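Novice: Quick check, what structure comes out for this input:
(one chain, ligands or ions: 3)
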Amino acid sequence: MRHAHTVEQVRAAEAELMARLPEGTLMQRAAAGLAATCARLLPRVYGSRVVVLAGSGDNGGDALYAGARLARRGAAVSALLLAPERVHTGGLAALRAAGGRVTTDQGEFSRADLVLDGIVGIGGRGGLRPEAQPYAAAERRGVVVAVDVPSGVDPDSGAVPGAALRADVTVCFGTYKPGLLVDPGASYAGIVQLVDIGLALPGAGVTALQHDDLAGMLPVPTVESDKYRRGVVGVAAGSARYPGAALLAVAGALRGGAGAVRYVGTAAEEVVRRFPEVLVTEGGPAGAGRVQAWVVGPGGGDGAARALEEALASPVPVLVDADGLTELARLGPAALAGRTAPTLLTPHTGEAARLLAGATAQAPPAADELAAARLASARRLAAEYRATVLLKGSTTVVAEPTGEVRVNPTGTSWLATAGSGDVLAGLAGSLLAAGLGTLDAASAAAYLHGLGGREAAAGGGPVTALDVAARLGSAWRVVRG
Ligand SMILES: NC(=O)C1=CN([C@@H]2O[C@H](COP(=O)(O)OP(=O)(O)OC[C@H]3O[C@@H](n4cnc5c(N)ncnc54)[C@H](O)[C@@H]3O)[C@@H](O)[C@H]2O)[C@@H](O)CC1
Ligand SMILES: Nc1ncnc2c1ncn2[C@@H]1O[C@H](COP(=O)(O)OP(=O)(O)O)[C@@H](O)[C@H]1O
Ligand SMILES: [K+]
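Specialist: Numbers count the residues shown, from 1 in each chain. Ligands and ions are numbered 1, 2, ... in the order given. This next block holds a predicted model:
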């Protein structure tokens, strides 16, 4: 599991540790880790050209001390100072003592083999200031290593409010920052490496699963299992207008660990023709047999209102997607008030905006504003509806009403293809039926779906939603090692 902490949490942990250690110890730990990564990235340190972009705070200090370490190993290191009058004096003195120098030639940035971005770290607010903006657009031939955070990325939210420096590698200290894991910030961070500087941190509000976590979480049948004990997932999806959504949601549900899939709706005939293993009933959830979780809404069309009402009246977990969400937005959070089992909502940003409009008297944010502030948007929705919310898009995030968030580290933008959300809904519903809680089911489903998407797009080609569904079995095998 990757753990990400807010700036406030990092500052508190740093203060506590600094009070017990000789001055400068933490910065030296950070600089040592940073220099070691840079040395690994360079074919050889001796003779390579390194440029340090140094801002006015401790982030610049880290970069200058790391530059000094590389200079001692024979690199030609020069520093471009963004605020010369407020530069970290200890760091600059160390760099000079090691043979490094200060330059004002911005062209050195473009010619460097490696650039250290020490403009701002967790003290940065807003996009890059004017003096740093040219570097965001400048040509570069070497690798850019961001110190703690790519400058211009908001460390807590991942928002990029203006210009920001795109890194190939980010070396972060003590813990991940949420903004390194959530887009758009994550897309500026490149590969993120963590350097331990000994901070004692509280529980993380934002986490990201890794393969090992999935391996321990996914349901695996045992000798005592039978199809009912493994869980039956009910899928109420598709309509005369959108029969395909039923097939896609069922395709996802068949690969989610439930022992059986029960389909209800108007596409029963098509579903059985394509997937003979599925139990089908025409009508709605109320008249269907027992299930351990419902998926309602993909391609539901006009039938979504009834399916939603019947599923929400059941005592089992319910996943609401697509047309089910449009109907829920009309009803507002009151529709979930009487639920006795958990509810999982899986909106994309457009649906999230509609849900917020249904929940508050204020005008909802536009979909692109929601996308720029994904953590806050998902948390707000989860709190308003008192439900788990999986907000889809580039970096899917899953939020609980308590504010706890899981960020999905897998996926590819090739998943932005019609119907891939239906596959995800079926998959997550199947995991719910198999007994996972809403947070685990949603985050495990997003993880597997993202892996399946990557595998389907391997080599960089377009994928279809059914291609993704077909790769889910292999995604399971990958995470289970
Ligand atoms: N506090 C500690 O114990 C440690 C801090 N470390 C480093 O220190 C960093 C935090 O240092 P600081 O608190 O000095 O803060 P920063 O160095 O991140 O930035 C603060 C300075 O940048 C300016 N600034 C803010 N936003 C800006 C923007 N958008 N564009 C340009 N300048 C901007 C501020 O006016 C201020 O002078 C961490 O990210 C990490 O790199 C590490 O050395 C590890 C130990
Ligand atoms: N830019 C992107 N990068 C990565 N994944 C994306 C991107 N855009 C969309 N996705 C993913 O693709 C899927 C699309 O789902 P959705 O919007 O519901 O489409 P549909 O309704 O057609 O099924 C979601 O899993 C979402 O997270
Ligand atoms: K930085």
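Novice: Which residues of the stretch 151-300 of the chain lie near ligand 3?
Specialist: Within the stretch 151-300 of the chain, the positions near ligand 3 by CB under 5 Å from the ion are Ser151. C-beta here means a position set from N, CA and C on the backbone, and glycine is covered the same way.
Novice: how many other residues sit next to the residue of the stretch 151-300 of the chain found nearest ligand 3?
Specialist: Taking CB to the ion as the measure, the point where the stretch 151-300 of the chain comes nearest ligand 3 is Ser151, at 4.2 Å. Neighbour count of Ser151, defined by other CB atoms under 10 Å: 28.
Novice: Provide a list of residues in contact with the residue lying closest to Val479 once chain neighbours are set aside.
Specialist: Nearest residue to Val479 in three dimensions, chain neighbours excluded: Leu214, at 4.0 Å (CB to CB, 6 or more residues apart in numbering). If you count contacts by CB atoms under 8 Å, 6 or more residues apart in numbering, Leu214 has them with Ala444, Tyr447, Leu448, Val479, Arg480.
Novice: For Leu214, what is the enclosing helix or strand?
Specialist: Under the assignment given by DSSP states H and E, the secondary-structure element containing Leu214 is helix 211-217.
Novice: got it, and Leu80?
Specialist: Under the criterion DSSP H and E, the helix or strand holding Leu80 is strand 76-81.
Novice: Give the rounded mean pLDDT of that strand.
Specialist: The average of the pLDDT scores along strand 76-81 is 98.
Novice: again with stretch 115-125
Specialist: Mean pLDDT, stretch 115-125: 96.
Novice: buried sites along that stretch?
Specialist: Neighbour-count burial for stretch 115-125, with 16 or more other CB atoms under 10 Å as criterion, is recorded at Val115, Leu116, Asp117, Gly118, Ile119, Val120, Gly121, Ile122, Gly124.
Novice: And for stretch 449-462?
Specialist: Neighbour counts using 16+ other CB under 10 Å place His449, Gly450, Leu451, Gly452, Gly453, Arg454, Glu455, Ala456, Ala457 of stretch 449-462 among the buried residues.
Novice: Tell me the secondary structure of the closest residue to the second one other than its chain neighbours, please.
Specialist: Right, the one you point to is Gly450. Of all residues not flanking Gly450 in the chain, Thr410 sits nearest, at 2.9 Å (CB to CB, 6+ apart). Using DSSP: H, G, I helix; E, B strand; the rest coil, the secondary structure recorded for Thr410 is coil.
Novice: which ones are touching Asp117?
Specialist: When contacts are taken as CB under 8 Å, 6+ apart, Asp117 is in contact with Leu53, Ala63, Val144, Val145, Ala146, Val147, Pro150, Ser151, Leu165, Ala167.
Novice: Which residue comes closest to Val102 once chain neighbours are left out?
Specialist: Skipping the residues right next to it in sequence, Val102 comes nearest to Ala79 by CB to CB, 6+ apart, at 5.2 Å.
Novice: Oh, that last question was meant for Val182, not what I typed.
Specialist: Take Val182 and drop its neighbours on the chain: the residue closest to it by CB to CB, 6+ apart is Gly158, 3.5 Å away.
Novice: show me what contacts that neighbour?
Specialist: Taking CB under 8 Å, 6+ apart, we find Gly158 in contact with Pro178, Gly179, Leu180, Leu181, Val182, Asp183, Pro184, Gly185, Ala186, Arg374, Leu375, Thr395.
Novice: Quick one: check stretch 50-63 for contact with ligand 1.
Specialist: Yes - judged by CB under 6 Å from any ligand atom, stretch 50-63 and ligand 1 are in contact via Gly55, Ser56, Gly57, Asp58, Asn59, Gly60, Asp62.
Novice: Buried subset of these as a ChimeraX selection?
Specialist: Selection command for ChimeraX covering only the buried members of those, criterion 16+ other CB under 10 Å:
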select :55,56,57,58,59,60,62
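Novice: Next, format the residues of stretch 50-63 next to ligand 1 as CSV and append pLDDT, distance to ligand 3 and secondary structure.
Specialist: Rendered in CSV, the data for these read as follows (pLDDT from 0 to 100; distance: CB to the ion, whole Å; DSSP: H, G, I helix; E, B strand; the rest coil):
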residue, pLDDT, distance to ligand 3, secondary structure
Gly55, 98, 8, coil
Ser56, 96, 12, coil
Gly57, 97, 10, coil
Asp58, 98, 11, helix
Asn59, 98, 5, helix
Gly60, 98, 9, helix
Asp62, 98, 9, helix
